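>>> Below: sequence and its predicted model.
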Amino acid sequence: MTTLKSHCCFCSMQCGLELIPDASDKPIYTVKPSSDFPVATGRLCQKGFNAMEHTIHPERILHPLKREETGAWSRTNWDEALSHIAHQITTLQAEYGKDAVAVYGGGSLTNEVSYLLGKFTRVALQSKYIDYNGRFCMSSAAAAANRAFGIDRGMTMPLGELAKSKYIILAGTNIAECQPTMMPYIIEAKKNKAIIVTIDPRNTMTSKIADIHVRIQPGFDSIFMNGLLHVIIEEKLYDQAFVDKRTHGFAELAETVKSYTPQRVEELTGVLAAVTRTIARGFAKAESGIVLTARGLEQQVNGVENTLNYINLSLITGKMGKPGSGYGAVTGQANGQGGREHGQKADQLPGYRLIDDPQAREHVAKVWGIDPNELPGKGVSAYEMIEKIDQGEIKAMIVLGSNPIVSAPNTSFVERAMKKLKLLVVVDMFETETAQGAHWLLPSSSFLEGEGTLTNLEGRVFHRPQAFQTPGESKLDYQIISELAGHLGRGQYFQYNSIEEVFTELAMATAGGKADYSGISYERLKAEKGVFWPCPSSDHPGTPHMFKDSFDHPDGKAKLFGIIPKMPAEPVDQQYPYVLTTGRIANHYLSGAQTRRTEALHKKASVPVAEIHPWLAEKIGLGLHNRIRLTSRRDSLVFDVKITEGIHPRTIFVPFHWGGELSINRLTNDKLDPVSRMPEFKICAVKAERVDAGEDNALRL
């Protein structure tokens, strides 16, 4: 037994792990941080230290399972499972058309598996319907970056630039709990005299280190940003040379923010005029500055516009492409960046190419060995695929690396819709809430068993080695996809002897695209500990810093957008007077399929707890032993309560990592941003009522 290496399977930091064998001859390992991966500064968070536990959990699925007419699972073999699934798919497609079958992927899959899922959907199934749970993570930030910069890479600079920055704005992001090993970079910046500003409806673990915390109610981001932009433009604090030489749209922006004086912003948001002026002047005058955003302002029907307004701040102050400066969207999922670059999104082909671009179709079709006319058109977003199921257009779905019955909004509807499927195949390690309604459950590999590459929040592509063999009869994800393609009669397009061969093909498919990996190889990644894309040739050094000289629009300039703030899809009213917002907590990850099966993490947070302000607690008469009932226009649920002054008085926060009667997404709003198709998780109108001890019969874990 020797020390093995891997990377944590959870957040977008992708910290390096070392698995240290026990002194005995038993297969027991201790997880420790790896010091030779240049991202997490030799640290792990509590999830990282416990990352191995779920991979050896007794509930892990180790054999293919099929659903009997009685509703029970029965064990089967791979040949029977794949043969029957392929037969059902071809039968449904013969009756209803190729697009009757859809694929639902995930943002924690490797680049290779993400790529293969897109290829499988378009080549083996010949269906236009594929999307993934990353639609609920990065889509608004991606759409905004594409509009402003002409390209989407989550962070425009490496993490190391944070320590060099003199002014950092963290908006809608709770880094201390969601990306804990990123905090040392922020703390280092603070030691170097940087000013830290946090913007969030809650006083989070992150805001504790801030010099200024702006406690803003969800939905008011663009109003507040317009106030900052107004001060900078009115007081002529913007970078005139940068704006003139490297941007378009300044006149429109200036006219839009003209009426958003600090006094008016105070009236609309409650943020003191002096605070608006202080932040605006401080950021504009600082010699360097970084703006980081995340889901707090992105998971809204106005999420793209909110993000564009924060990008406006970076651009008009000239804080792009310079040391200690830049904009970044803090990716949530393990491979949230790479997962959206290579074909999982409804409208994209590998390399961030658009599927309706004739040149893109021709290039990728040539790599795949098919006629470009065989490629389907673009499909719809993840939630819209669920709506297509409800409407009867999609009859079958393959889910790999996701748990939409917990992670999607309005999950009661999602569950009802998915029961209409004539075929639901789930590829997973566990019988998740989604798998509980599946017809077939195929055992997949864990992160310790699946070699491949991922792309972290910086845009750094790196190699994750295989540490263990797959247990039982479980298979590697790429093998499952390739073998199913064979049973569908399209196996000639999926002939791979190793996952490295998949990456080599991926690199060819991305050549010339925005996310160009063609200069990257496994050999390079192992030698260099990662390479930043774009990297168009083997002698190219990669691109750690974006936009030093130009942006990715044809004229090389960035675009400024004058944003007129809009109402949320579901404003509060007399019947539903409070704002429910959701998010992550430090102990859990996404739908909790892994972390709820990790004893050390589950013990610390076994149930979701609603955070409310003392004002609200008093208003509804909440006592020591009471719980709270939250009711939206979609459902009603009961939760334990934490009363804290560290939250906006009219905002209620509940984490989303649980299923069943503990799933807050049964309440959330399913309205979508018109551009990104991101659901409005962060704003949901609810009413709140006291529940006395013994009155409720809600399920408790």
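Thanks, I have the structure now. Residues are numbered from 1 along each chain as shown.
>>> Helix, strand, or coil at the closest residue to Ile20 other than its chain neighbours?
Leaving aside its chain neighbours, Ile20 sits nearest to Thr30 (4.6 Å; criterion: Cβ to Cβ, 6 or more residues apart in numbering). Just so you know, the C-beta spots here come from the backbone N, C-alpha and C atoms, and that holds for glycine as well. The assignment at Thr30 comes out as strand when based on DSSP: H, G, I helix; E, B strand; the rest coil.
>>> what about this protein, any weak spots by pLDDT?
Of all residues in the chain, those with pLDDT under 70 make up the ranges 1, 25, 694-701.
>>> quick one, what contacts the most centrally placed residue in it?
For the chain, the residue whose C-alpha lies nearest the mean C-alpha position (Cα atoms, centre = their mean) is Cys137; its distance is 2.9 Å. Applying Cβ atoms under 8 Å, 6 or more residues apart in numbering, one finds that Cys137 lies in contact with 107, 295, 331-333, 336.
>>> Give the burial count for the nearest residue to Ala408 once chain neighbours are set aside, as a bare number.
For Ala408, the nearest residue in space outside its immediate sequence neighbours is Val414; the separation is 4.7 Å by Cβ to Cβ, 6+ apart. A total of 24 residues lie near Val414 under the criterion other Cβ atoms under 10 Å.
>>> Run through the residues that contact Val414.
386, 404-405, 408.
>>> how close does it get to Lys420?
According to Cβ to Cβ, to the nearest Å, Val414 stands 11 Å off from Lys420.
>>> thinking again about what came up before, please verify my assumption that the residue nearest to Ile20 contacts Leu4.
No: between Thr30 and Leu4 there is no contact under Cβ atoms under 8 Å: 11.2 Å.
>>> What does Arg67 show for phi and psi?
Summarising the backbone geometry of Arg67 under the convention degrees, to the nearest 10, its torsions are phi -90, psi 120.
>>> Oh, that last question was meant for Phe462, not what I typed.
Here the main-chain torsion angles of Phe462 (degrees, to the nearest 10) amount to phi -140, psi 160.
>>> Would you mind listing the residues in contact with it?
The contact partners of Phe462, by Cβ under 8 Å, 6+ apart, come to 7, 14, 37, 453-456, 525, 529-531.
>>> neighbour count winner among Thr30 and Leu4?
Between Thr30 and Leu4, counted using other Cβ under 10 Å, the more crowded position is Leu4 (16 against 12).
>>> Test my guess that that one contacts Gly16.
No: between Leu4 and Gly16 there is no contact, the gap being 11.6 Å when judged by Cβ under 8 Å.
>>> So what sits opposite Arg629 in the bridge?
Note on Arg629: beta-bridge partners Val638, Glu689, judged by DSSP bridges.
>>> neighbours of it, just the number please.
Under the criterion other Cβ under 10 Å, the count of neighbours that Arg629 has is 20.
>>> thinking again about what came up before, just confirm the residue nearest to Ala408 is within a strand.
No: applying three-state DSSP, one finds Val414 to be helix, outside a strand.
>>> What's the separation between it and Ala435?
Distance from Val414 to Ala435, counting by Cβ to Cβ: 14 Å.
>>> now do Ala600
Distance of Ala600 to Ala435, given as Cβ to Cβ: 24 Å.
>>> what do you get for Glu112?
Here the criterion is Cβ to Cβ. By it, Glu112 lies 23 Å from Ala435.
>>> quick one, which of those two is more surrounded?
Each of Glu112 and Ala435 had its neighbours counted (other Cβ under 10 Å), and the higher figure belongs to Glu112 (28 against 24).
>>> Phi, psi for the more buried one please.
Summarising the backbone geometry of Glu112 under the convention degrees, to the nearest 10, its torsions are phi -70, psi -40.
>>> Just the closest of the contacts of Phe462 to Gly343, please.
Using Cβ to Cβ, the shortest approach to Gly343 within these belongs to Thr455, at 13.8 Å.
>>> Was I right to think that closest one contacts Glu341?
Yes: with contact defined as Cβ under 8 Å, Thr455 and Glu341 form a contacting pair (7.1 Å).
>>> joint contacts of these two?
By Cβ under 8 Å, 6+ apart, the residues touching both Thr455 and Glu341 are Asn111.
>>> And the strands in the stretch 201-350 of the chain, which stretches?
Counting by DSSP state E, counting those that start in this stretch, the stretch 201-350 of the chain has these strands, from start to end: 212-214, 247-248, 290-293, 326-329, 348-349.
>>> I should have written the stretch 551-700 of the chain there, sorry.
Under DSSP E, counting those that start in this stretch, the stretch 551-700 of the chain gives strands at 558-559, 578-583, 609-612, 627-631, 636-643, 651-655, 684-691.
>>> export those strands to CSV and tack on distance to Ser521?
Compiled in CSV, the strands of the stretch 551-700 of the chain are given as follows (distance: least, Cβ to Cβ, whole Å):
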stretch, distance to Ser521
strand 558-559, 32
strand 578-583, 38
strand 609-612, 47
strand 627-631, 51
strand 636-643, 50
strand 651-655, 40
strand 684-691, 46
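>>> Looking at these, which is nearest to Asn174?
strand 578-583 (6.8 Å).
>>> Output the contacting helices and strands for the closest one.
Counting contacts by 3 or more Cβ pairs under 8 Å, 6 or more residues apart in numbering; DSSP states H and E, strand 578-583 packs against helix 295-298, strand 651-655, strand 684-691.
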